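J.: Build me a model from this:
(one chain, ligands or ions: 1)
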Amino acid sequence: MKNIIALLIVSSISFLTYSQNSDYTKYNNQIKQVDLENNFFEIEKINDQFYMLVGGGGNVGVFVSEDEVILIDNKYEIIEDILMASLRKITDKPIKYIINTHFHHDHSDGNRAFGKQGIPIISHQNAKKRMMEDAELYGGILEFIKGFVQPKYDSNSLPVITYDSKMTLSEGSEEIELYNFGNAHTDGDSIVVFKNSNIIHTGDAFVTYGYPFVDLNNGGSIKGLINFLGTLENMCDENTIIMPGHGGFSKKEDVTKLKNTLADLYNKTVVGLKNGLSYEEISKTIEETLNDAKVTKLNYIKSIDLELSKNNESMK
Ligand SMILES: [Zn+2]
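T.: Numbers count the residues shown, from 1 in each chain. Below you'll find the predicted structure:
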């Protein structure tokens, strides 16, 4: 368990450190360098059918069905060989299709490798739209992301199947449900529910690294994310296993905790702004519950203010 925690810390730090480069090629080379030292990603096992590949970007969910494999997310094109080597430690079966939880490069850049091979990619319709243009990510919450521009995807790297609010796929005895609950981490998030196995991959709509990044430049909403966490909580029971976008396997109680923390922060910010408090004064009214993240908390308060003023403008 200690190793797993250490690895999670390392993988979130590498996510943090290497995201700060706005030069995409340089960034990719750094990712490659770090992961080549490892050769394989850490493999976390749930049972003989479900695994999670941890490290070098977002968590990849692996579902081994009777004859084929289904992947949820695919990390980066540049480390495709490491991803495949890790997958081959689990199974020799071919990849049937890949689901993208959203358009961010640390989850879906691998499309640029797998799409070319003709492996079908599935995503929410807005995730595909975002992939069709260069996208500057919001740098107001996590400052190292400031200025990072994700280049658009070639046509052969784009999802070939998209959906609006819900999609159901059948795979042997497993029912796979994809849901989008509106604006949360981005405007094109999917959570992937393996109904019979009671396992959910949430993408970045639920993470465990502290204050979750919300991409306000690309349809993300802090209020929406809190609402989403409430919906996710209701979909889980005590036995549900959650694969988060970043971090280790989680449970319903972890979702509840994050939802309550963010709701408290959101509500206190709204009240503080109404009472004319400064960002720093508001920050002092909010208990520090997520890891040592004073700057991020302050940035969150500013970002809530930004989101509120955007919404007010759109209502005028
Ligand atoms: Zn993301």
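J.: how about the residues of the protein near the ion?
T.: 104, 204 (Cβ under 5 Å from the ion). Heads up, the C-betas are built off the backbone N, CA and C, glycines and all.
J.: Which parts of the chain are helices?
T.: 2-18, 24-36, 80-90, 105-108, 111-114, 125-131, 222-235, 252-274, 279-284, 294-315 (DSSP state H).
J.: and the fifth one, what other elements does it pack with?
T.: Okay, so that is helix 111-114. strand 95-99 (3 or more Cβ pairs under 8 Å, 6 or more residues apart in numbering; DSSP states H and E).
J.: which outside residues touch stretch 277-287?
T.: 264-265, 268-269, 272-273, 294, 297-298, 301-302, 305 (Cβ atoms under 8 Å, 6 or more residues apart in numbering).
J.: hang on, the earlier thing: now, of the helices of the chain, which is deepest in the fold?
T.: Highest mean neighbour count of the helices of the chain: helix 105-108, a mean of 26 (counted as mean count of other Cβ atoms under 10 Å).
J.: With mean pLDDT and distance to K96 as added columns, please give the helices of the chain in CSV.
T.: Formatted as CSV, the helices of the chain follow (pLDDT from 0 to 100; distance: least, Cβ to Cβ, whole Å):
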stretch, mean pLDDT, distance to K96
helix 2-18, 39, 27
helix 24-36, 70, 25
helix 80-90, 94, 13
helix 105-108, 95, 17
helix 111-114, 96, 12
helix 125-131, 98, 19
helix 222-235, 98, 25
helix 252-274, 97, 29
helix 279-284, 95, 48
helix 294-315, 88, 39
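J.: Need the ones you listed in CSV (columns: distance to T208).
T.: Putting these into CSV (distance: least, Cβ to Cβ, whole Å) gives the following:
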stretch, distance to T208
helix 2-18, 8
helix 24-36, 21
helix 80-90, 21
helix 105-108, 15
helix 111-114, 25
helix 125-131, 22
helix 222-235, 12
helix 252-274, 7
helix 279-284, 22
helix 294-315, 14
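J.: And the contacts of stretch 277-287, which two are furthest apart?
T.: Distances among the contacts of stretch 277-287 were taken as Cβ to Cβ; the most separated pair is L273 and K294, at 19.1 Å.
J.: ok, V214 - contacts?
T.: V214 touches 138, 141, 184-185, 220-222, 225, 303, counting by Cβ under 8 Å, 6+ apart.
J.: same thing but at 10 Å, please
T.: With contact taken as Cβ atoms under 10 Å, 6 or more residues apart in numbering, V214 is in contact with 138, 140-142, 183-186, 204-205, 220-226, 262, 300, 303-304, 307.
J.: The nearest residue to I46 once chain neighbours are set aside: neighbouring residues, count only.
T.: Nearest-residue entry for I46: I241, 5.9 Å, with adjacent residues in sequence omitted and distances by Cβ to Cβ, 6 or more residues apart in numbering. When neighbours are defined as other Cβ atoms under 10 Å, I241 has 19 of them.
J.: I241 bridge partners, please.
T.: I199 (DSSP bridges).
J.: Distance check, it against the ion.
T.: Distance of I241 to the ion, computed by Cβ to the ion, to the nearest Å: 21 Å.
J.: hey, where'd the strands end up in the stretch 51-200 of the chain?
T.: 60-64, 69-72, 95-99, 121-124, 135-136, 149-150, 161-163, 166-171, 174-179, 191-194, 199-203 (DSSP state E, counting those that start in this stretch).
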